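Undergrad: Give me coordinates for this.
(chains A and B)
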Protein chains: 2
Amino acid sequence: MTEQTAQQKGDENTVFIGKKNTMGYVLAVVTQFNNGANEVTIKARGKLISRAVDVVEIVRHRFMPGVKVDDIKIDTEELTSEDGSKSKVSSIEIKLKK
Amino acid sequence: MTEQTAQQKGDENTVFIGKKNTMGYVLAVVTQFNNGANEVTIKARGKLISRAVDVVEIVRHRFMPGVKVDDIKIDTEELTSEDGSKSKVSSIEIKLKK
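TA: Residues are numbered from 1 along each chain as shown, chains lettered A, B, ... in the order given. Okay, here's the model as predicted:
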């Protein structure tokens, strides 16, 4: 393990959903399982929450039928923008287990 | 209870998220709790899943701090359009408990 990946240990086996297309994130999750992970967590915020659910559903129905949803958490995060103003955004964490 | 509401018994204490604004659904959930419900389930499909999470977060953080998330389920539903073609859409069910 390199120093950099050691520092990111808390984010190991985590896939953050962004604005790329859904199948890219599906591939990222499947790759983590194929590389030996027993658990993979998918995280998303705001409007991307729907895409996180799509990713999970495609992974378990189309690619890895043995993978189960272990836990789903929702929360609110506070974001501070460049001008210092604060806004709240919903978030989701979906933990998958092999 | 009127005949009509008796027929809809399976959907009692359920709020379906649609395209109206978020606060309308927040109000619907709060109203159900205030009318005596101990559990309210919020359901949404597709891109509206993000809005369902927003509704839940606003209800429990801003209006009803005693309400907890009891269970979250995600699933895939198959829709048949008018021309008979089928498509799949992700769905979420969030159960809140007083």
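Undergrad: Verify the assumption that residue A:30 is located in a helix.
TA: Yes. Using DSSP: H, G, I helix; E, B strand; the rest coil, the secondary structure at residue A:30 is a helix.
Undergrad: That one: neighbour count?
TA: Other residues near residue A:30 number 17, with proximity taken as other Cβ atoms under 10 Å in any protein chain shown. All C-beta spots, glycine's among them, are computed from the backbone N, C-alpha and C.
Undergrad: Does it touch residue A:62 like I think?
TA: No. Taking Cβ atoms under 8 Å as the contact criterion, residue A:30 and residue A:62 are not neighbours in contact, 9.7 Å apart.
Undergrad: just checking, residue A:16 touches residue A:40?
TA: No. Distance between residue A:16 and residue A:40: 11.7 Å, which falls outside the contact criterion (Cβ under 8 Å).
Undergrad: Report the central residue of chain A.
TA: The C-alpha lying nearest the average C-alpha coordinate of chain A belongs to residue A:42 (Cα atoms, centre = their mean; 1.8 Å).
Undergrad: For that residue, give me the pLDDT.
TA: As predicted, residue A:42 sits at a pLDDT of 98.
Undergrad: any idea how far it lies from chain B?
TA: 11 Å (Cβ to the nearest Cβ, to the nearest Å).
Undergrad: what helix or strand is that residue on?
TA: When secondary structure is defined using DSSP states H and E, the element that contains residue A:42 is strand A:39-45.
Undergrad: Now do that strand: which elements does it pack against?
TA: strand A:14-16, helix A:22-34, helix A:49-58, strand A:86-97 (3 or more Cβ pairs under 8 Å, 6 or more residues apart in numbering or on different chains; DSSP states H and E).
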